[in-house]
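Chemist: what follows is a predicted structure for the sequence shown.
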Amino acid sequence: MLKVENLESGYGSMQVLWQLHLEVNKGSITSLLGSNGVGKTTTLCTILGSVELWGGKITYEETDITHLPTHKKVDLGIVLVPEGRHLFVNMTTHENLTMGAYPKEAVKHMAESFELVYSLFPILKERAKQRAGSLSGGEQQMLTIARALMTKPKLIMFDEPSQGLAPKLVGEVFDAIKKMRSEIGLTILLVEQNVEASLNLSDYVYIMHEGRIKAEGSAEEIKGSRDIKEAYLGI
């Protein structure tokens, strides 16, 4: 579904990504793992177009989208759940979800999307009239994910969805991600610091170090490689 070839990008004069490659198969959960500062978030943002691409090629559903603007990529079904829960804190839960359904195709299916997100995150239905800024950290993370789902995505990219959450809530978030693949058929690209949870969830894994892909393989292969886990994942 998504193919990234020789991707290079950075900020100002500082290069962050070097000849990066990865593929995400339709209906799979693919994880991009590595320590802090290796370029994982930059990779997601470059794919989406919010960080300028310096070189390389991005193909989505066999179409070259390398130079498409971000909003056009969203229209095609690509969405990013960013790190840090960028919500409209003075708007209600319901209003935040409505803001997510801005693509033309998403507007047509808004009622269906509300039903979907409330089935995944029932607490959000209870909090529908509550201001987003007054929700707990876990509820805000659920709302951030749910708002992305309102765009009717085909490919959803997660940047550290479990960051700052209590263990019980981490489990709930990962259970929701599993359901997105198994029940909705979404394709998922996951960046996550919780290595063990990611390996248990994923079909395929890429390991990043200093802006490059240093290893890749099925989740089982990565789990079984002591050298890779010690060298790049710290476990």
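Modeler: The structure has been received and is ready for your questions.
Chemist: check contacts around residue 155.
Modeler: Going by C-beta atoms under 8 Å, 6 or more residues apart in numbering, residue 155 touches 1-2, 24, 60, 77-79, 186-189. For glycine as for every other residue, the C-beta is placed from the backbone atoms N, C-alpha and C.
Chemist: need the buried ones from those selected in PyMOL.
Modeler: Buried residues within the contacts of residue 155, by 16 or more other C-beta atoms under 10 Å, are selected in PyMOL with:
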select buried, resi 1+2+24+60+77+78+79+186+187+188+189
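Chemist: please flag which of the contacts of residue 155 sit within strands.
Modeler: Mapping the contacts of residue 155 onto strands (DSSP state E) picks out 2, 24, 60, 78-79, 187-189.
Chemist: pick out the most distant pair among the residues you listed.
Modeler: Maximum pairwise distance among the ones in strands among the contacts of residue 155 (C-beta to C-beta): 14.3 Å, between 60 and 188.
Chemist: in the top helix by length along the chain, what's buried?
Modeler: Ranked by residue count and defined by DSSP state H, the top helix of the chain is helix 167-182. Buried residues in helix 167-182, counted by 16+ other C-beta under 10 Å: 169-170, 172-174, 176-177, 180-181.
Chemist: where's residue 180 relative to residue 160, distance?
Modeler: Residue 180 sits 17 Å away from residue 160, going by C-beta to C-beta, to the nearest Å.
Chemist: ignore what I typed, I meant residue 124.
Modeler: On the measure of C-beta to C-beta, residue 124 and residue 160 end up 20 Å apart.
Chemist: more neighbours: these two, which one.
Modeler: A direct count of neighbours by other C-beta atoms under 10 Å for residue 124 and residue 160 places residue 124 higher, at 23 against 20.
Chemist: is it true that the more buried one touches residue 139?
Modeler: Yes - the criterion here is C-beta atoms under 8 Å, and residue 124 meets it with residue 139 at 7.2 Å.
Chemist: hey, where'd the helices end up in this protein?
Modeler: Under DSSP H, the chain gives helices at 40-48, 70-75, 93-100, 104-108, 110-120, 122-126, 137-149, 167-182, 195-201, 219-223, 226-228.
Chemist: turn the ones you listed into CSV, columns for distance to residue 208 and mean pLDDT.
Modeler: Supplementary listing: the helices of the chain in CSV, determined by distance: least, C-beta to C-beta, whole Å; pLDDT from 0 to 100:
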stretch, distance to residue 208, mean pLDDT
helix 40-48, 6, 97
helix 70-75, 22, 94
helix 93-100, 29, 95
helix 104-108, 31, 83
helix 110-120, 29, 93
helix 122-126, 32, 95
helix 137-149, 23, 93
helix 167-182, 20, 90
helix 195-201, 12, 91
helix 219-223, 13, 92
helix 226-228, 12, 83
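Chemist: could you dump those to JSON lines with distance to residue 13?
Modeler: As requested, the helices of the chain are exported to JSON lines (distance: least, C-beta to C-beta, whole Å):
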{"stretch": "helix 40-48", "distance to residue 13": "15"}
{"stretch": "helix 70-75", "distance to residue 13": "23"}
{"stretch": "helix 93-100", "distance to residue 13": "35"}
{"stretch": "helix 104-108", "distance to residue 13": "38"}
{"stretch": "helix 110-120", "distance to residue 13": "42"}
{"stretch": "helix 122-126", "distance to residue 13": "43"}
{"stretch": "helix 137-149", "distance to residue 13": "32"}
{"stretch": "helix 167-182", "distance to residue 13": "36"}
{"stretch": "helix 195-201", "distance to residue 13": "32"}
{"stretch": "helix 219-223", "distance to residue 13": "34"}
{"stretch": "helix 226-228", "distance to residue 13": "32"}
